[in-house]
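> Give me a 3D structure for the following:
(one chain, ligands or ions: 1)
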Amino acid sequence: MTVATAPTRSVSEQVRDLLARMTLEEKIGQLQMVQGGGGHVPDHLRDAVQDGRIGSVLNETNVEAVNSLQWIATKQSRLGIPLLVGRDVIHGFKTVFPIPLGQAATWNPALVERGARIAALEAARTGVNWTFAPMLDIGRDPRWGRVAEGFGEDPFLTGVMGAASVRGYQGDDLSAPGSIAACAKHFAGYGASESGRDYNTTNIPENELRNVHLPPFHAAVEAGAASVMTSFSDIDGIPATANRFLLRTVLREEWAFDGVVVSDWESIRQLATHGLTAGDRDSALEAAQAGVDIEMASTAYADHLADLVCEGLVPLATLDALVENILTMKFRLGLFEQPFTEPSAFPQQCNSAHLAAARDAATESLVLLKNVPGMLPLSFAHTPHVAVIGPLADEAHEQLGTWIFDGDTQHCVHVLDAIRALAAASPAADVRVTHARGLATTRSTDHALIAEAARVASEADVVVLVAGEEAILSGEAHCRADITLPGAQEALITALAETGKPIVLVLMAGRALALERVLPKVHALLYAWHPGTMGGPAIADVLFGVREPSGRLPVSLPRVPGQVPIYYAHKNTGKPATPETIVHMNDIPARAAQLSVGNTSFHLDVHPSPLFAFGSGLSYSQVGYSDLRADATELSRDAALEIRVDVTNTGPRDAHEVVQLYLRDPVASVTRPVRELKAFQKILLHPGERRTVAFTLHASDLAFYGRAMRRQAEPGRFHVWVGGSADADLRLDFTLVD
Ligand code: BGC
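Predicted coordinates for the structure are as follows:
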């Protein structure tokens, strides 16, 4: 006898069936996201969920409260529709990984994916099923506090890391336990906020929007991102939350995105504050027409959409499409089958494997930028007395960085303790680790503690100075105009330098800082971003050569604040600066005549290059590049071009090299950047090892949005550079032929 099984209905059939049974109020309820009750379910929330007036909550991470909410939603509401439970799980949950900018510095997407996976597992244990990450805004202005949350200045690197993080959060199967929905944010252009002031206006021509700001979002959508969040910002006169071009033309039509679009916090209501609408009613109309599915926090939809539908201003079909997207995401997440969370089904948070992964990510995020020969790695045998100084040396909380609502400081190991642990394990004689703070905080202008720090330094063999910015100086709404070291840190460095002791500066920061004044005073510089829970051991391991430094800059470091925005993929301009034309103002004779010919593009008071180039970073070895070659001089549209280069470790230690390929289209229908990153590989080379690294280029890698605003490669000559940073000088040319 054969048993007939009920045919499994597709998600879209189930969605349509459910939609057909929903009242207007229940449909609008699905569009509403509200704040959770903070560990319990207040009466108003229970009633709203029970009545079907709420489709999602955010910021509830108490699993009992989440399960109660899901119980009310699925067992006590008329249609039993489960809730989305959102949270900003940005760079870890309890186990905190480096800030995303630091994760980008690993140039290792596998680590980013693993970090997101662990974050998802730890968050899912509390019932969270949706994270508002990754942030894919291009960060070219380090004054903007949210550069910490993104993957840096480059569209390609941001896209690679964004896709890796989507894969990590969502896994192969969104409905599997431990998978949570990702959210690519903030769509779009938010990183270009004027003057780096958060929430500010952005002015982005469509060509730049499409070539620079949108590609990472497209990569995330291609990787299957379940949702997209609109930006707070105004772009070309239409705030992103009402921007039909962005949300309908690009996202839905061109990219065929079929996930959920969520507003940012009250960004529908803010359409009126922007001056686009007269109030909530018009804002609801604009956002619905643009295709925003979920309203976060404000209640313009809840208050006005029913009327707008009844009056025919929002067609029912438009509303149904919004609801369908939300229900589809709930089905895809498997919430109808399993709305409840059993914490014991998930691994413990902050377990040893999670901490080890955080340590790996932190280790690879560290970028060694300066190392006077013989300085690093340190060894207790040579410098037995180490003075660990600075306002961030023993600050477990600060090293976690921005957006760590749920971060666990209990497991966090700071630099001082980690160096003490290495010292305790060292067989060397007379090992001593001393400590002085130097400044109460990174912002402190009180010099009172500096003399004591200098005294401690003067007694040591080497100074490890852990300085930079506390976590609160970057992140949302935490922007700075003067991106040099805050407070009296430069005075502290000067006082330490005057002791004559070698200084190793470990810099924790949520952004690129302008370090021109500081750099000559230190012997080594390790850029550590905010490295997360295991930042201390990771830093100690690299300083003492237990692990090799292998991070590379995901942003250009400016010399002085006035240089920003400064990024490698700039346009050439009609008057590019050349070594012959650059002049410093101090070299201009008094009363010199100002000419209008022969001038080029640079500032009179600073060299036009960054202090450190995008992609740069040292190892403890030396790596050389040679024999850049291609398997043809021409590439046709349907073929591939193989580019090879030999990379050799000529130094005495292992080297993790990030081999980077840059491209330039020197003549095109629109002006193109002087270089663009197109591919990279992170490889390990043992001492003396030579490896041939191969990259395959297709015409699609050469494509961009040209004059006709269509993405395509234009025939002609291309330059390719391969090397260890955006300054790579090994070049070959090839021609794209039709
Ligand atoms: C931020 C978003 C975040 C949301 C929810 C907003 O202020 O811009 O990135 O996801 O709050 O916390």
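> Write out the residues of the stretch 1-150 of the chain neighbouring the ligand.
Residues of the stretch 1-150 of the chain lying close to the ligand (CB under 6 Å from any ligand atom) are 88, 132. For every residue, glycine as well, the C-beta is placed using N, CA and C.
> Closest residue of the stretch 1-150 of the chain to the ligand?
Residue of the stretch 1-150 of the chain nearest the ligand, by CB to the nearest ligand atom: residue 132 (3.4 Å).
> residue contacts, that residue?
When contacts are counted by CB atoms under 8 Å, 6 or more residues apart in numbering, residue 132 touches 58, 86, 87, 88, 89, 90, 183, 185, 229, 262.
> Would you quantify the distance from it to residue 189?
According to CB to CB, to the nearest Å, residue 132 and residue 189 sit 18 Å apart.
> swap in residue 403?
In terms of CB to CB, residue 403 sits 21 Å off from residue 189.
> sorry, back to before: can you tell me which of the contacts of residue 132 has the largest number of neighbours?
residue 262 (31 neighbours; other CB atoms under 10 Å).
> close enough to count as contact, residue 247 and residue 288?
No. The pair residue 247 / residue 288 is not scored as a contact, 10.8 Å apart, by CB atoms under 8 Å.
> Let me know the pLDDT of residue 596.
We have a pLDDT of 87 for residue 596.
> Point me to the helix or strand that includes it.
Using DSSP states H and E, residue 596 is not contained in any helix or strand.
> Quick check: closest non-adjacent residue to residue 499.
In this structure, residue 499 finds its nearest non-sequential neighbour in residue 458, 4.2 Å apart by CB to CB, 6 or more residues apart in numbering.
> residues contacting the one you found?
Contacts of residue 458 by CB under 8 Å, 6+ apart are 499, 500, 501.
> Now, those that are in helices?
Counting by DSSP state H, the contacts of residue 458 place none of their members in helices.
> can you pick the most crowded of the residues you listed?
Of these, with other CB under 10 Å as the count, residue 501 tops at 20 neighbours.
> Would you mind confirming that that one makes contact with residue 464?
No. Using CB under 8 Å, residue 501 makes no contact with residue 464, being 10.6 Å away.
> which residues do the two both contact?
residue 387.
> Now the residue in the stretch 401-550 of the chain positioned nearest to the ligand: which helix or strand?
Across the stretch 401-550 of the chain, the shortest distance to the ligand (CB to the nearest ligand atom) belongs to residue 476, at 5.5 Å. For residue 476, there is no host helix or strand (DSSP H and E).
> What about it, how many residues nearby?
For residue 476, using other CB under 10 Å, the count is 18.
> what about the closest residue to it other than its chain neighbours, distance to residue 580?
Excluding the flanking residues, the one nearest residue 476 by CB to CB, 6+ apart is residue 146, at 5.8 Å. Noted for residue 146: a distance of 39 Å to residue 580, by CB to CB.
> Compute the distance between the spatially most central residue of the chain and residue 511, please.
For the chain, residue 150 is the residue whose C-alpha lies nearest the centre (CA atoms, centre = their mean; 2.1 Å). Computed as CB to CB, the residue 150 to residue 511 distance reads 10 Å.
> same thing with residue 619?
In terms of CB to CB, residue 619 sits 24 Å off from residue 511.
> that older thread, name the residue in residue 146 and residue 580 with the higher neighbour count.
Set residue 146 next to residue 580 and count neighbours by other CB under 10 Å: residue 146 wins out with 28 against 8.
> residues near the residue of the stretch 601-738 of the chain at minimum distance from the ligand, how many?
Residue nearest to the ligand within the stretch 601-738 of the chain: residue 614 (25.0 Å; CB to the nearest ligand atom). Neighbour count of residue 614, defined by other CB under 10 Å: 27.
> and it, what does it touch?
152, 153, 154, 553, 554, 555, 556, 567, 568, 677, 725, 726.
> In strands, which of those residues appear?
Per DSSP state E, strands hold the following members of the contacts of residue 614: residue 677.
> coming back round to it: name the secondary structure element that contains the residue of the stretch 601-738 of the chain closest to the ligand.
With DSSP H and E as the test, residue 614 turns up in no helix or strand.
> pLDDT on stretch 684-704, on average?
The pLDDT scores in stretch 684-704 average 98.
> tell me which residues in that stretch are buried?
Residues 685, 691, 693, 695, 697, 699, 701, 702, 704 are the ones in stretch 684-704 that count as buried (16 or more other CB atoms under 10 Å).
> near the ligand, which residues of the stretch 551-700 of the chain show up?
Counting by CB under 6 Å from any ligand atom, the stretch 551-700 of the chain has no residue next to the ligand.
> Would you state the strands of the stretch 551-700 of the chain in chain order?
For the stretch 551-700 of the chain, applying DSSP state E, counting those that start in this stretch gives strands covering 623-630, 634-636, 640-649, 655-664, 676-685, 690-698.
> Equivalent analysis for the stretch 51-200 of the chain, please.
Using DSSP E, counting those that start in this stretch, strands in the stretch 51-200 of the chain cover 56-58, 84-87, 130-131, 183-187.
> hang on, the earlier thing: of residue 619 and residue 511, who's got more company?
For residue 619 and residue 511, the more surrounded residue by other CB under 10 Å is residue 511, and the numbers stand at 30 against 22.
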